[in-house]
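Asks: Below is the structure, and that's it, no one-letter string:
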């Protein structure tokens, strides 16, 4: 193979890799996720489950990979408010996951809940 063919093949493989990564994480609505995430803690606070309506974990508490694992395993114990988390639909969870992942510690724009 000549150098041009090898370069073209490597470029194609690189592009396919990026496309695969983009499809690997099914995106939710991060704006709705932010609202829903805060709403969970407001409701939990209203029933006396937590002392503050502010979420326990900020998005930058974990990396994107860590958020992916938490939501893949559905291990929400660290969040507290088990009653409220148990009521969330798959769409709500996907939205919250998108919000937390997009603003994770290793994202281009890490964020804290305000």
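Replies: Nice, I can see it. Please read these numbers as outputs of a predicted model, since none were measured by experiment.

Asks: By mean pLDDT, flag the weakest helix or strand of this structure.
Replies: helix 3-24 (a mean of 63; mean pLDDT, DSSP states H and E).

Asks: In this protein, where is pLDDT below threshold?
Replies: For the chain, the stretches flagged by pLDDT under 70 are 1, 8, 10, 12-26, 112-114.

Asks: contacting residues for residue 74?
Replies: Contact analysis of residue 74 by Cβ atoms under 8 Å, 6 or more residues apart in numbering lists residue 93. Yep, even glycine has a C-beta here, placed from its N, CA and C like the rest.

Asks: Just want the phi and psi numbers for it.
Replies: Backbone torsions for residue 74, taken as degrees, to the nearest 10, come to phi 60, psi 40.

Asks: From residue 6, how far off is it?
Replies: 44 Å (Cβ to Cβ, to the nearest Å).

Asks: now do residue 82
Replies: 54 Å.

Asks: likewise residue 76?
Replies: 47 Å.

Asks: And these two? Which one has more around it.
Replies: Neighbour tally, residue 76 and residue 6, criterion other Cβ atoms under 10 Å: the higher count belongs to residue 76, 18 against 10.

Asks: Show the contacting residues for the more buried one.
Replies: 70, 82, 85.

Asks: Going by neighbour count, which of those comes out on top?
Replies: Taking other Cβ under 10 Å as the neighbour criterion, residue 70 ranks highest of the contacts of residue 76 with 19 neighbours.

Asks: which ones are touching that residue?
Replies: By Cβ under 8 Å, 6+ apart, the contact set of residue 70 is 62, 76, 78.

Asks: cool, and residue 64?
Replies: 101, 104, 106, 107.

Asks: ok, now with 6 Å
Replies: 101, 104, 106 (Cβ atoms under 6 Å, 6 or more residues apart in numbering).

Asks: Helices - which of those residues land there?
Replies: When DSSP state H is applied, the contacts of residue 64 are split such that residue 101 fall in helices.

Asks: tell me, how many neighbours does residue 77 end up with?
Replies: Residue 77 has 8 nearby residues by other Cβ under 10 Å.

Asks: Nearest spatial neighbour of residue 106, chain-adjacent residues omitted?
Replies: Leaving aside its sequence neighbours, residue 106 sits nearest to residue 63 (Cβ to Cβ, 6 or more residues apart in numbering; 4.5 Å).
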